[in-house]
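[1] structure, please.
(one chain, ligands or ions: 1)
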Amino acid sequence: MKQPTDGVMDRAREVRTRAYAPYSKFGVGAILVTPDGTTFGGCNVENASYGLAICAERSAAVSAVSAGYREFTEVYVAGPADVAVTPCGACRQFLSEFNRTMTVHCTTPDGIQTTTLDKLLPGAFGPDDLS
Ligand code: THU
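    Reported below is the predicted structural model:
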């Protein structure tokens, strides 16, 4: 489990300002970090057809994979200042495809909380589980 790097959560907060969340009004920003330190940001993007909303974490992953990166060591997730944010179940599964043990940093009203994806999603189904 990695300690948060200075400034990266601030970048997640910056990406959060671009969230398109007119329905939930719950903006989220995420930054994914690759082993060479390259970072990719994403925000949540909602839709009038509510179920089509994509979370910030998956936005960031889609952006990174589209740019040719598939290995991630950490994800930073920034939500509204007054609540503790945590990746939803779908995002836990989506991110665990790329690294089951990646470090997850989330904003809370008391500061950044750090954990790992395997703690958030024990026994995840992954690419190695397909026959
Ligand atoms: N959301 C995220 O983007 N990431 C999270 O970690 C939690 C939830 C989004 C989905 C939806 O657009 C809004 O926040 C409310 O659930």
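
[2] ok, now which ones touch residue 56?
    15-16, 19, 28-30, 42-44, 77 (C-beta atoms under 8 Å, 6 or more residues apart in numbering). Glycine gets a C-beta too; all of them are placed from N, C-alpha and C.

[3] please, where are all the helices along the protein?
    With DSSP state H as the criterion, the chain has helices at 8-16, 56-66, 89-96, 117-120.

[4] ok, and of the contacts of residue 56, which contact the ligand?
    The subset of those within reach of the ligand, by C-beta under 6 Å from any ligand atom, is 28, 44, 77.

[5] could you list which residues are in contact with the last one?
    Think residue 77. Here residue 77 is in contact with 12, 28-30, 56-57, 85-87, 104-107 (criterion: C-beta under 8 Å, 6+ apart).

[6] quick revisit: just the ones of the contacts of residue 56 in strands?
    29-30, 42-43, 77 (DSSP state E).

[7] shaky segments in the chain?
    The model of the chain has no residue with pLDDT under 70.

[8] what residues does it put near the ligand?
    21, 24, 26, 28, 44, 46, 53, 55-57, 77, 85, 87-88, 91.

[9] pick out the residue nearest the middle of the protein.
    residue 57 (3.0 Å; C-alpha atoms, centre = their mean).
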